[in-house]
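A.B. asks: quick one, structure for this:
(one chain, ligands or ions: 1)
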Amino acid sequence: MKGVCGGWESQEELDEMVALEQWDGLALSQQLSEVCLYTPLHSPDLKEIVVVETSVAEQFLQPLEEVEEVNLADQEENDRDDPQDQICSQDVFCTPDFITPIEQQFPVHFDVNKDNTRQRIKSPTRLTPLRYKRPRPEVPLLPEKPNLQNEDGAGLMRGKLVKESACAFMPSHPGVRSKHHRVDSPVCIRNPFVQGDSEENADTLQSARPPVPLAPRFAQSGMSRYSEDFHEIQEIGQGNFSRVYKVLKRIDGCLYAVKRSIHQLHQDSRRKQALTEVQALAAIGMHENVVRYHTAWFESDYLYIQMELCDSTLGQYAASIPATSLECSLLTALWQMAKALSHIHAKGLVHLDLKPDNIYVLDGVFKLGDFGCATRIDGSLSFEEGDARYIPLEFLNEDYTHLCSVDMFSLGASIYELATGVTLPSSGPTYKALREGKLAVPPGFSSSFENLLKELMHPNAKRRPLADDVLKHPIFSRQTLGMNLSEEITALT
Ligand SMILES: Nc1ncnc2c1ncn2[C@@H]1O[C@H](COP(=O)(O)OP(=O)(O)OP(=O)(O)O)[C@@H](O)[C@H]1O
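C.D. replies: A predicted model of the protein is given here:
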């Protein structure tokens, strides 16, 4: 196979040159600052590109073909195989060639008054390439039968082929045999929020469940899936348990939020607790008013969760709204959160930490996030206490019989806080008064708005409207609201 470098003016001229010289490889040309690559059609079996010493050419060629470093012995062996298999970069970039015998060299004169692109330059017969492209080995896809594994820790099983980049940077992981072959699957974790596993899933989970409940420790080799897959742009938030980063995903070029646990989770019990959010999000599935979950993984005992990136929290958003349109904006948020809660409650889950900081805004759409305290409505899982400022008294008194109404109280308290512009207390007389139903909505808000908040924050959990009741509330009628919300309601009914 021969390569060629030189100047030509048109595709036809190059075709002719290639035909005349019977070049069956690659043609490369530099015209001013532009580099062009030409691969003749009659050379479909072109497998290798040889580049000599020129960083510009390497930059150009590397995205097209994966070029690997090889040692000198390999190079010589390669040269013996096909000594013609070369392209001279000196030809292309007009740099002095101290390697090629003088008689084989060509004159390199660049005359600005001449059409230099017409100069056809003959390639020297041989140069030692520094790099070459090895033919890509055929990688077997293992196993034929779907292999149960769960890198996401989300408890859902997937048949998965073994060839994947994640393996490539974990060669020393016990579950990895070589660059492309994983022998053991990571564990399958049952998602406690998913009801009624199919028989097949239940059987497979049973057989795939290892004696240790959780042991998904990846990246022990020091290689980071996070750095491999994402470019970190900036930290965008911090809670009690996690830091959240705005990141660019390298493979798809899109922005995401990645939430990383602040502490390493060495114990299985702590990992299990941290996984609550992942499992709840996975079980809830997609809903336009719930922050979208993409994937999650453990790395060096930190939990990483990749999520949809939102613009701000509801608290930040409300602070930027003019007083005249605050009621309408808050009702829109209330309506959309009622939709999210209706969906979540219907799935048998409760959030239990609903507050302005956990409601995000993306392109004017409100989304519920941070499911770290989520649990099952039926009380089959343990309870984690959310932020006391937004939690009703009965829950603090360990009455867990009306968990959906706990979320409804929190929703009312969140909207009330944003309407008053004053952060709710976590104790004291105002805290007590609010739990007795004594609300003081500032002037400027409608009485129907105030009454709805009073209903939501009713001291008696049974008297509070549920999410579906809120969606049917007369305040969300076409006459009383702005167009956007009215249209949304019309579309829903
Ligand atoms: N998907 C997201 N898009 C944009 N910002 C986010 C996102 N998720 C979280 N944040 C930001 O990061 C902050 C902390 O996130 P989050 O509340 O989920 O952490 P946490 O440790 O679970 O918090 P908490 O202490 O309330 O349990 C949020 O207040 C918000 O500002």
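
A.B. asks: switch to C-alpha atoms for all contacts and neighbour counts from now on
C.D. replies: Fine.

A.B. asks: ok, the residue in the stretch 351-493 of the chain positioned nearest to the ligand - contacts?
C.D. replies: Nearest residue of the stretch 351-493 of the chain to the ligand: residue 370, at 4.4 Å (C-alpha to the nearest ligand atom). Neighbouring residues of residue 370 by C-alpha atoms under 8 Å, 6 or more residues apart in numbering: 277, 353, 358.

A.B. asks: repeat the analysis, applying 6 Å as the threshold.
C.D. replies: Contact analysis of residue 370 by C-alpha atoms under 6 Å, 6 or more residues apart in numbering lists residue 358.

A.B. asks: how far away is it from residue 270?
C.D. replies: 17 Å (C-alpha to C-alpha, to the nearest Å).

A.B. asks: one more: residue 344?
C.D. replies: Distance from residue 344 to residue 270, by C-alpha to C-alpha: 24 Å.

A.B. asks: settle it for me: which of those two has more neighbours?
C.D. replies: Between residue 344 and residue 270, residue 344 has the larger neighbour count (other C-alpha atoms under 10 Å), namely 23 against 11.

A.B. asks: in what helix or strand does the more buried one lie?
C.D. replies: helix 323-346 (DSSP states H and E).

A.B. asks: what's that helix packed up against?
C.D. replies: For helix 323-346, the packing partners by 3 or more C-alpha pairs under 6 Å, 6 or more residues apart in numbering; DSSP states H and E come out as helix 467-471.

A.B. asks: in the helix it packs on, what counts as buried?
C.D. replies: 467, 470-471 (16 or more other C-alpha atoms under 10 Å).

A.B. asks: how about stretch 335-347?
C.D. replies: Here stretch 335-347 shows 335-345, 347 as buried, counting by 16+ other C-alpha under 10 Å.

A.B. asks: where along the stretch 251-400 of the chain do the helices fall?
C.D. replies: 268-284, 314-319, 323-346, 393-396 (DSSP state H, counting those that start in this stretch).

A.B. asks: possible to save those as CSV with distance to residue 256 and mean pLDDT?
C.D. replies: CSV is the format used below for the helices of the stretch 251-400 of the chain (distance: least, C-alpha to C-alpha, whole Å; pLDDT from 0 to 100):
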stretch, distance to residue 256, mean pLDDT
helix 268-284, 16, 93
helix 314-319, 19, 94
helix 323-346, 21, 96
helix 393-396, 34, 93
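
A.B. asks: mind putting the buried residues of helix 467-471 into CSV with pLDDT and distance to the ligand?
C.D. replies: Below are those laid out as CSV (pLDDT from 0 to 100; distance: C-alpha to the nearest ligand atom, whole Å):
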residue, pLDDT, distance to the ligand
467, 98, 22
470, 97, 25
471, 95, 25
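
A.B. asks: let me know the closest of these to residue 223.
C.D. replies: Comparing the buried residues of helix 467-471 against residue 223 with C-alpha to C-alpha picks out residue 467 as the nearest, at 45.4 Å.

A.B. asks: so what's the closest one up against?
C.D. replies: The neighbourhood of residue 467, defined by C-alpha under 6 Å, 6+ apart, consists of 338, 341-342.

A.B. asks: now swap in residue 235 and tell me
C.D. replies: With C-alpha under 6 Å, 6+ apart, residue 235 has these contacts: 244-245.

A.B. asks: helix or strand for it, which one?
C.D. replies: Residue-wise, residue 235 maps onto strand 230-238 under DSSP H and E.

A.B. asks: any part of that strand near the ligand?
C.D. replies: Yes - Strand 230-238 comes into contact with the ligand (C-alpha under 6 Å from any ligand atom), by way of 236-238.

A.B. asks: direction included, what does that strand pair up with?
C.D. replies: strand 242-249 (antiparallel) (DSSP bridges).

A.B. asks: so what sits opposite residue 295 in the bridge?
C.D. replies: Taking DSSP bridges as the rule, residue 295 bridges to residue 306.

A.B. asks: these two touch, right, it and residue 306?
C.D. replies: Yes - assessed by C-alpha atoms under 6 Å, residue 295 is found in contact with residue 306 at 5.2 Å.

A.B. asks: who has more neighbours, these two?
C.D. replies: More neighbours surround residue 306 than the other of residue 295 and residue 306, with 23 against 17 (other C-alpha under 10 Å).

A.B. asks: how deep is residue 404 tucked in, by neighbour count?
C.D. replies: There are 24 residues near residue 404, going by other C-alpha under 10 Å.

A.B. asks: ok, it to residue 469 distance?
C.D. replies: As judged by C-alpha to C-alpha, residue 404 and residue 469 stand 12 Å apart.

A.B. asks: now do residue 322
C.D. replies: From residue 322 over to residue 469 (counting by C-alpha to C-alpha), the distance is 29 Å.

A.B. asks: same check, this time on residue 395
C.D. replies: From residue 395 over to residue 469 (counting by C-alpha to C-alpha), the distance is 21 Å.

A.B. asks: swap in residue 319?
C.D. replies: 28 Å.

A.B. asks: with respect to the ligand, which of the contacts of residue 467 is nearest?
C.D. replies: residue 341 (17.5 Å).

A.B. asks: nearest residue to the closest one in space, please, no chain neighbours.
C.D. replies: Nearest non-adjacent residue to residue 341, counting by C-alpha to C-alpha, 6 or more residues apart in numbering: residue 467, 6.0 Å away.

A.B. asks: distance of that neighbour from residue 379?
C.D. replies: 19 Å.

A.B. asks: ok, which residues in the stretch 201-350 of the chain are in contact with the ligand?
C.D. replies: 236-242, 244, 257, 307-311, 313.

A.B. asks: are any of those buried, and which?
C.D. replies: 236, 242, 244, 257, 307-310, 313.

A.B. asks: tell me which of the residues you listed is nearest to residue 299?
C.D. replies: Nearest to residue 299 among those: residue 242, at 14.3 Å, using C-alpha to C-alpha.

A.B. asks: could you check how far that closest one is from residue 424?
C.D. replies: From residue 242 over to residue 424 (counting by C-alpha to C-alpha), the distance is 23 Å.
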